[in-house]
Every structure is written in C-alpha cells, then in structure tokens.
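Q: My questions are about this predicted structure, shown below with the sequence.
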Amino acid sequence: MVNELIFATGNEHKVNELADILFLPSITVRSLKDMGYFHDIPETGDTLEENALIKARTISKSLRHYNVFSEDTGLEVTALDMAPGVNTARYAGESKDAYANMSLLLKNLEGKMDRTARFRTVIALLWEGQEYLFEGIVNGKIANELSGDEGFGYDPIFIPEGYESTFANIPPATKNTISHRYNAVSELSKFLKKELTSK
C-alpha cells in the first residue's frame, strides 16, 4: 500500500532536498506543483511553529487531504537577538531576495564580535486527522562574506559547526546529512515509519 503525503511548499529547492533525505518506499510525496496548487499561503504567524501549521492546515483544507506536512525555517543570529528568525525569507523585504537578505544581515553584523548562529527547521504534520511538530537544528556561525555556489537562501554565509566552509561550499550529499532540514525530516521519518508499521 502506498500512502500519499503532500509537502505544502512551492519551493522546488526544498522539495528536491527533502526527496534526498526522506526515503520511504510506501509513501509518495507530492508537491503543491504536483497537485496543481499555485496560490501563495500567507505566513502570518509569530513563530516558525505557527507558520508551519498555517501552511499545513491551509493545504489540508483546500485540497481536502488529511496527510499534509509543511516546514518553516529560520536563521537565528545570536548578536541580532535571534533575528531574522520567523522573518528569514523576507528579512530585506517582501521580494524574498536571497542576496539582499544576506547583504543586510552582514551589514547588521558589522562591528559585532559574536557571529554564532543556528538554522532551525520546524515541520508541521497533519496525519490521519492529528497534528504533530518536529524540530531540527544545526549550529554554526556567520561568515564575513559570501562564499560558494551550492545550496540556496543563506547558505553562502552560514558555516555549520565542525566545518570551515559555508553550506554553499559543501556538496549537497554532505549537507543533507548534517542540515537542520535533515534533522527535522529524520524525526518526521521515524514517526512515519512507526505509524506505517503499526497499521
């Protein structure tokens, strides 16, 4: 039996990254593009948890589908009082321009000695009528300048703990074993495996 699970995102980068992490032959993951859903979902929550739940609930209601999951990810910088946080994608404005976001972040860190930061991903899962939350974190620091061509978002300025290079300099196959999204998806995968084996 194959179960269908909808990933409530229009970000193809995230879909591809998740496909490399989540491997469950008994579950087929569908993107919003696969489902013909192209509407923007307002992210009006004050936390990553709220935004993830808003997206999952919206898609579940719109597509009349019980099994949906969504994620929201924030970059939390210690010296900036954990900003940009929930505003990570729109840090420099509604255009969601990655270069503008990184440029503003680096500017706001000028003169600050503490460059520690973390990426945090929250996954909201609606499964068989119940809601669940899973979290994944990767600690690190902010580089002094952009470096690397891999990845997306803030990857060119985030150096994960234990590495000397930014995420954008680390091969995707390696990143997908240490990233915040990997850690959150791993928790999701454990849950789904347990659910499927108990049926």
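A: Sure thing, it's come through.
Q: In contact with residue 144, which residues?
A: Contact analysis of residue 144 by Cβ atoms under 8 Å, 6 or more residues apart in numbering lists residue 106. For glycine as for every other residue, the C-beta is placed from the backbone atoms N, C-alpha and C.
Q: Scan the protein for its longest helix.
A: helix 180-197 (DSSP state H).
Q: Centroid-nearest residue for the protein?
A: residue 73 (4.0 Å; Cα atoms, centre = their mean).
Q: which residues of this protein fall in helices?
A: 12-21, 48-63, 98-108, 172-175, 180-197.
Q: model confidence over the shortest one, on average?
A: Going back to what we said before, that points to helix 172-175. The average of the pLDDT scores along helix 172-175 is 88.
Q: quick one: that helix to chain centroid distance?
A: 15 Å (Cα atoms, centre = their mean, to the nearest Å).
Q: again with the first one
A: In this view, helix 12-21 has its centroid 10 Å away from the chain centroid, taken as Cα atoms, centre = their mean.
Q: buried stuff in that helix?
A: 14-15, 17-18, 21 (16 or more other Cβ atoms under 10 Å).
Q: got the buried residues for the longest helix of the chain?
A: Here helix 180-197 shows 180-185, 187-189, 192 as buried, counting by 16+ other Cβ under 10 Å.
Q: Out of these, which two sit at the greatest distance?
A: 180 and 192 (18.9 Å; Cβ to Cβ).
Q: The helix or strand of the chain with the lowest mean pLDDT - contacts with which helices or strands?
A: Within the chain, no helix or strand scores below helix 12-21, which has a mean of 73 by mean pLDDT, DSSP states H and E. Helices and strands touching helix 12-21, as assessed by 3 or more Cβ pairs under 8 Å, 6 or more residues apart in numbering; DSSP states H and E, comprise strand 3-7, strand 27-31, helix 172-175, helix 180-197.
Q: Contact partners for residue 38?
A: Counted by Cβ under 8 Å, 6+ apart, residue 38 has contacts 10, 32.
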